[in-house]
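Asker: only geometry, no sequence info:
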Ligand SMILES: *Cc1c(COP(=O)(O)O)cnc(C)c1O
């Protein structure tokens, strides 16, 4: 869409006489690309305020803004257009609704918990095959902001539009519906997740259903391909168009590459609009010390469309994105070599195989590399070739799964109950920092770590939310206080030292958390000590009780309810005594993950969520009331493959004896990485190409061997130690331990990779 500022002003009910043409709407200053024709909306969210970026954007050339107020430093600026409105988000939505009203075409609106993007991309790719001009939401832009931005992409010649609508609070769908106004309404699979803002699942479903109201056609189901086929039917297109179209991967992965390069691997629908959003993602990872390289395959385009037009547009995008080097891998793109800018280094080759045969890793040095090509066209081999060899073994952490798990537990809580997110022991082995950033954004009340050093590391990395330190037995009070870490206190001795130090530092009302021992018999104040505790607390105003808590010993033991009840009673009694001794209120909390699932009446003011956040239930499956998503995947890769006759022995002490002729793979991960030696000799099975492959012989320090005879394996194939396909629970059972131990044992030398879907 293209509109002039005065036209937009009229739509928003404000005045402007500026004829400036607007092509791009911007809400995130990091995505700026063509400043002269951009209109920036200064949105206010719970974590940020767009008005902060106005001055910077002006400096970078933006001249049109929708704001609540003109920032002071911009007063006197007379060569920019400021449209002052009551609510810039509402203004953006009004503009979206207007753009929608300018077209009279079939519009598909898709909502649901899972599969929205997959269905949308399937239909999109099918319609391109039919030669239709389609506009669809970029990636998964489906929010209150994403939807109007998506609708803005409508053009006068668009024939069909497909938009996603996602919500997390009541009342939001009506707004999205009024912008999208779908003629075909689609509801994909709905599950119990993302329930945070809703009282229950029914009210969420009801809210989602609002999208469908008024649609001529309504399609529902939980089979993505089937839904896509039904949409094609409703559009009067052939279902057969879907033949040969694979479901896209919605992930954008970031990997370390050879020679200090960083790679972004993108297997989303390979077309020009998605290249644009991948370039945007890339621009946020740019640094001055790295060259910017794009390895690009043939792009999907409308059947019958002139491919030179497509690649001319691509060339313009690459130039605007400041790309230094293009390696084009494909027949079509190579045929258009002449449209690419001579200012950037360009190389063309007609196939991935050529690339693999001709490209040596030494040709990449300190580069930020975006790899984008059609799924199944082999671009994953390019990625693997360029992957840093140090990181053959990785722990992948799905931050979206963390958020989903957080929300699933949130849904079990009363609205006023706070969530303490446990990120001790490096986030149960997954890495505390990324987790902390994610949970801070998600609205946890507290983070909890075990030791002061963990808290300091989080503060240094910019975590500002309250942090509780559970076992702060340390003399480093300086660090405790200066990093604003709140200690748990479990003995009079500790409390006295803390009070002394706090007064030495001149502190007042420093928050502390009183730990009671109600039955774990590990640490904590017991009945006899409460009088002295109260006396000490009343004698000083250097510290103040922020909360009192205790820890359950048997919340996960289904036959120990009586014991747990006795802990609750002791807790009530002890916190009662503390409360009557103090003249101010404090919070109480006792539930861990198992407790949250089993004792909804004992939430008090906060709960402490640990293992559940990481997608693991401490309860047996039949007692687990919510579905959790796997967060962590430990995997390595096959580096050697040999076929041996029966009777061959493998590994140290000849402990692996082959019963049949076998293909044995060597995998560079061993007990020093956290793969326990007791997993050797067939005691555990790792997953290769969906096939369970038993270990053979002893696990070595840095390597292990597995039997891949039935897995059709090749060198470079991934080996999943635990993850979505190899439940960590089974590994734990093999060792007679709990998943907590397996997860926290993954050695720090294993590279952690974080991703969002
Ligand atoms: C680790 C820990 C938790 C969390 O336990 P999970 O079983 O992982 O939920 C809660 N409270 C305290 C005091 C802990 O040390």
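Answerer: Received it, and whenever you're ready, just let me know what you need. None of the values given here were measured: they were computed from a predicted structure.
Asker: Can you pull the phi/psi pair for residue 550?
Answerer: phi -150, psi 170 (degrees, to the nearest 10).
Asker: Spit out the contact partners of it.
Answerer: By C-beta atoms under 8 Å, 6 or more residues apart in numbering, the contact list for residue 550 reads 515, 516, 517, 518, 519, 520, 524, 567, 570, 571, 574, 590. Glycine gets a C-beta too; all of them are placed from N, C-alpha and C.
Asker: Am I right that residue 724 is in contact with residue 634?
Answerer: No - if you go by C-beta atoms under 8 Å, residue 724 and residue 634 don't touch, sitting 11.3 Å apart.
Asker: which one of those two has more residues nearby?
Answerer: residue 634 (26 against 16; other C-beta atoms under 10 Å).
Asker: quick one: low-confidence ranges for the stretch 101-250 of the chain?
Answerer: The stretch 101-250 of the chain contains residues with pLDDT under 70 at 192-196.
Asker: quick one: the helices in it?
Answerer: With DSSP state H, counting those that start in this stretch as the criterion, the stretch 101-250 of the chain has helices at 116-129, 146-151, 172-180, 201-209, 224-234.
Asker: Of those, which is nearest residue 63?
Answerer: helix 146-151 (19.6 Å; C-beta to C-beta).
Asker: So which residues on this structure come close to the ligand?
Answerer: Residues of the chain lying close to the ligand by C-beta under 6 Å from any ligand atom are 422, 424, 470, 551, 592-594, 608-612, 618.
Asker: Out of those residues, list just those in strands.
Answerer: 422, 608, 609 (DSSP state E).
Asker: Low-confidence regions, the chain specifically.
Answerer: 47, 192-196, 389-391, 474.
Asker: Test my guess that residue 175 contacts residue 148.
Answerer: No - between residue 175 and residue 148 there is no contact under C-beta under 8 Å: 9.4 Å.
Asker: Give me the more crowded residue out of these two.
Answerer: The neighbour comparison of residue 175 against residue 148 (other C-beta under 10 Å) goes to residue 148, with 28 against 20.
Asker: which residues touch the more buried one?
Answerer: 25, 92, 93, 95, 96, 97, 179.
Asker: burial of the one residue in the stretch 551-700 of the chain that gets nearest to the ligand, as a residue count?
Answerer: Going by C-beta to the nearest ligand atom, the ligand is nearest to residue 610 of the stretch 551-700 of the chain, at 2.1 Å. Residue 610 has 22 neighbouring residues, counting by other C-beta under 10 Å.
Asker: can I assume it is in contact with residue 594?
Answerer: No - using C-beta under 8 Å, residue 610 is not in contact with residue 594, being 9.5 Å away.
Asker: circling back: make a ChimeraX selection of the buried ones in the contacts of residue 550.
Answerer: Buried subset of the contacts of residue 550, written as a ChimeraX selection, criterion 16 or more other C-beta atoms under 10 Å:
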select :515,516,517,518,519,524,567,570,571,574,590
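Asker: Turn the contacts of residue 550 into JSON lines, including secondary structure.
Answerer: Listed next are those as JSON lines, based on DSSP: H, G, I helix; E, B strand; the rest coil:
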{"residue": "515", "secondary structure": "strand"}
{"residue": "516", "secondary structure": "strand"}
{"residue": "517", "secondary structure": "coil"}
{"residue": "518", "secondary structure": "coil"}
{"residue": "519", "secondary structure": "coil"}
{"residue": "520", "secondary structure": "coil"}
{"residue": "524", "secondary structure": "coil"}
{"residue": "567", "secondary structure": "helix"}
{"residue": "570", "secondary structure": "helix"}
{"residue": "571", "secondary structure": "helix"}
{"residue": "574", "secondary structure": "helix"}
{"residue": "590", "secondary structure": "coil"}
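Asker: Looking at the contacts of residue 550, spot the one nearest residue 143.
Answerer: Nearest member of the contacts of residue 550 to residue 143, counting by C-beta to C-beta, is residue 590, at 36.0 Å.
Asker: quick one, what contacts that closest one?
Answerer: Contacts of residue 590 by C-beta under 8 Å, 6+ apart are 518, 549, 550, 551, 552, 567, 568, 571, 602, 604.
Asker: What ranges does the stretch 301-450 of the chain have for its helices?
Answerer: Using DSSP H, counting those that start in this stretch, helices in the stretch 301-450 of the chain cover 307-320, 331-335, 352-358, 379-386, 399-410, 424-428, 432-442.
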